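Chemist: What follows is a predicted structure for the sequence shown.
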Amino acid sequence: MRNHKLLLLLFLSTLCTQANAYDSKDGNVTASIGSFIYKSNFNGTDSGVKSPVRGGFGILVGGDISDKASLEVGLFHMNKSFLRQDNDLSIVEESQLIHISMGYRRWLNPYLSALVGFYSAYPMDEPKVVHNDFPTNINIDTSARDLTEYGFDFSIQSELWHDHFISIIADARYSLSVTSKVHEQADHYGVLLAIRYLVQERIPSNNSLRSPK
């Protein structure tokens with residue numbers, strides 16, 4: 001229950017706003033890096049195996065294509081759990097993976113934006129069996145053993161603080177797997193708390209720190 005309250009608090013923090021905010025402009029490029037707190041979307045098994053709240057890191061690179069839209073690439077490092085069930089039997093496997101997302105972000109206002117994207121995830125090592133109720137003569141696996149996992153990312157992002165070149169952001173996202181197996185729960189959700197830096201500004205503002213030519 002405590003972990004669920006933590007994720008809910010982090011999600012609600014994405015609705016915070018303030019007087020200063022990022023001004024999306026065609027040609028701007030931003031980069032964000034921070035901690036990713038996430039959880040596979042299952043509560044647990046009948047035998048008591050839970051889906052833990054974990055921490056990793058995430059990197060976002062965005063390029064504005066208009067005053068209202070951006071194209072974004074994201075990279076997340078995770079240790080993700082997968083649950084597959086059949087009647088009262090279940091198997092939980094874990095895989096260390098790199099989750100790569102590419103999407104379209106729409107700015108709803110200067111403080112808030114939403115993204116829809118497509119992701120692919122790639123394992124970095126051999127999967128780990130956390131729990132298995134199935135008899136040894138039954139060969140059943142999860143998406144933790146797949147070479148590639150595919151799905152869709154949905155994100156809501158808000159600025160918590162802004163000072164022209166640097167911002168602190170909270171990005172709440174849900175990842176929906178489209179390659180999950182029968183009776184498998186392979187989705188996950190989480191919050192990225194990150195520092196965003198304005199790498200390139202198409203038209204430098206009066207506050208720009210660039211030296212005059």
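Modeler: Received it, and whenever you're ready, just let me know what you need. Numbering: from 1, shown residues only.
Chemist: rest of the way, CA atoms for contacts and neighbours
Modeler: Fine.
Chemist: give the contact list for the closest residue to residue 190 other than its chain neighbours.
Modeler: Leaving aside its sequence neighbours, residue 190 sits nearest to residue 38 (Cα to Cα, 6 or more residues apart in numbering; 3.8 Å). Residues in contact with residue 38 (Cα atoms under 8 Å, 6 or more residues apart in numbering) are 53-56, 188-191.
Chemist: please redo it, this time with the cut-off set to 7 Å
Modeler: Residue 38 sits next to 53-55, 188-191 when contact means Cα atoms under 7 Å, 6 or more residues apart in numbering.
Chemist: That one: which element?
Modeler: In the assignment (DSSP states H and E), residue 38 maps to strand 29-40.
Chemist: and whichever helix or strand comes after that strand, how far from the chain's centre?
Modeler: Later in the chain than strand 29-40, the nearest helix or strand by DSSP H and E is strand 54-64. In terms of Cα atoms, centre = their mean, to the nearest Å, the centre of strand 54-64 is found 7 Å from the chain centre.
Chemist: Strand 54-64 pairs with which strands, parallel or anti?
Modeler: strand 29-40 (antiparallel), strand 69-86 (antiparallel) (DSSP bridges).
Chemist: among those strands, which is nearest residue 123?
Modeler: Checking the strands paired with strand 54-64 against residue 123 by Cα to Cα gives strand 69-86 as the closest, at 9.4 Å.
Chemist: beta partners for the residue nearest to residue 156 when sequence neighbours are not counted?
Modeler: Counting by Cα to Cα, 6+ apart, the nearest residue to residue 156 once its immediate chain neighbours are dropped is residue 114, at 4.5 Å. Beta bridges link residue 114 to residue 106, residue 156, judged by DSSP bridges.
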